[in-house]
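**Q** 3D, please:
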Amino acid sequence: MKKISKYFIQGLIALLPIVLTSYIIYWLVKTAEILLSSVIKFIIPDKLYLPGMGVAAGLLLILGFGVLLNLWLFRRLFEAGERLLEKVPFIKYFYNSFKDLAGFFDAAKKKNFNKVVKVDLLDNKDVGLIGFITREDFKDLPKNLGDKDKIAVYLPMSYQVGGFTVIVPKSRITIVDMSIEEAMKFALTAGLSTGKK
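**A** Next comes the predicted model:
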């Protein structure tokens with residue numbers, strides 16, 4: 001009976017990430033198809049519609065939005081909309097969390113997000129948190145936010161979307177020899193993943 005349980009757990013652990021990833025991709029594709037197919041069918045006759053046009057339209061929509069964000073006026077309007085969302089009590093928590101997560105994949109921001117560190121919570125360095133340096137220079141920010149002896153570190157939360165940005169003395173951090181991807185995997189899985197394959 002123990003061997004059957006062991007094999008079952010091994011199979012579950014191996015299959016669960018594949019099944020969940022496949023389901024999320026399937027859900028995204030299906031949702032895009034359902035939402036956008038009705039719009040496409042409104043524009044073109046039903047007989048000309050081919051399965052997959054909704055997904056293609058979704059990808060083009062995302063690409064178009066990215067292009068528009070490079071236009072000054074559109075970017076300013078988008079930022080004004082973001083500021084409004086960040087003031088709505090309940091919505092702002094979800095929006096900011098999703099924005100933080102999406103920001104992790106932004107290549108433009110990754111250049112400032114390139115060092116993995118351990119932030120020591122106690123003087124004896126017995127307790128620490130894994131984080132990522134986001135800012136080492138505070139010259140363009142208010143004086144009381146940080147100085148030359150401080151550093152900004154993003155601390156992701158395990159199994160949750162979001163995290164905290166803390167400003168700590170440089171003496172409290174230790175550089176960790178780990179890639180961003182390995183460290184993020186380690187932090188998000190509460191230390192269960194070694195990150196290396």
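**Q** use CA for all of it now, contacts and neighbours both
**A** Noted.
**Q** burial measure for residue 121, as a count.
**A** Per other CA atoms under 10 Å, the neighbour tally for residue 121 reads 14.
**Q** Assign residue 164 to helix, strand or coil.
**A** Under DSSP: H, G, I helix; E, B strand; the rest coil, residue 164 falls in the strand class.
**Q** Would you mind confirming that it is in contact with residue 133?
**A** No. If you go by CA atoms under 8 Å, residue 164 and residue 133 don't touch, sitting 11.9 Å apart.
**Q** shared neighbours of those two, which are they?
**A** residue 154 (CA atoms under 8 Å, 6 or more residues apart in numbering).
**Q** Mark out where each domain of this protein begins and ends.
**A** Here the domain assignment for the chain is 2-68, 110-188, based on automatic domain parsing.
**Q** Point out the most buried one among the ones you listed.
**A** Highest mean neighbour count of the domains of the chain: domain 110-188, a mean of 16 (counted as mean count of other CA atoms under 10 Å).
**Q** can you give me how far the top helix by length along the chain is from the chain middle?
**A** Counting by DSSP state H, the longest helix found in the chain is helix 2-43. For helix 2-43, the separation from the chain centroid amounts to 19 Å (computed by CA atoms, centre = their mean, to the nearest Å).
**Q** what packs against the helix or strand just after it?
**A** Helices and strands here follow DSSP states H and E; after helix 2-43, the next one along the chain is helix 53-68. When contacts are defined as 3 or more CA pairs under 8 Å, 6 or more residues apart in numbering; DSSP states H and E, helix 53-68 sits against helix 2-43.
**Q** hang on, the earlier thing: columns distance to residue 99 on top of the domains of the chain, output as TSV?
**A** Putting the domains of the chain into TSV (distance: least, CA to CA, whole Å) gives the following:
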stretch	distance to residue 99
domain 2-68	15
domain 110-188	8
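**Q** Go through the helices and strands of this protein and name the one with the lowest mean pLDDT.
**A** Across the helices and strands of the chain, the lowest-confidence element by mean pLDDT, DSSP states H and E is helix 107-110, at a mean of 55.
**Q** Now do the following helix or strand past it, average pLDDT.
**A** Toward the C-terminus, helix 107-110 is succeeded by strand 116-120 as the next helix or strand (DSSP H and E). The average pLDDT for strand 116-120 rounds to 86.
**Q** could you give the angle of the following helix or strand past strand 116-120 to strand 116-120?
**A** Sequence order places strand 128-135 as the next helix or strand after strand 116-120, per DSSP H and E. Strand 128-135 and strand 116-120 are oriented at 120 degrees to each other (axes from the mean of the first three to the mean of the last three CA atoms, to 10 degrees).
**Q** list the helices and strands strand 128-135 packs on?
**A** Checking 3+ CA pairs under 8 Å, 6+ apart, strand 128-135 ends up next to strand 116-120, strand 150-156, helix 180-188.
**Q** and the longest one, how far out from the chain's middle?
**A** Put plainly, it is helix 180-188. 12 Å.
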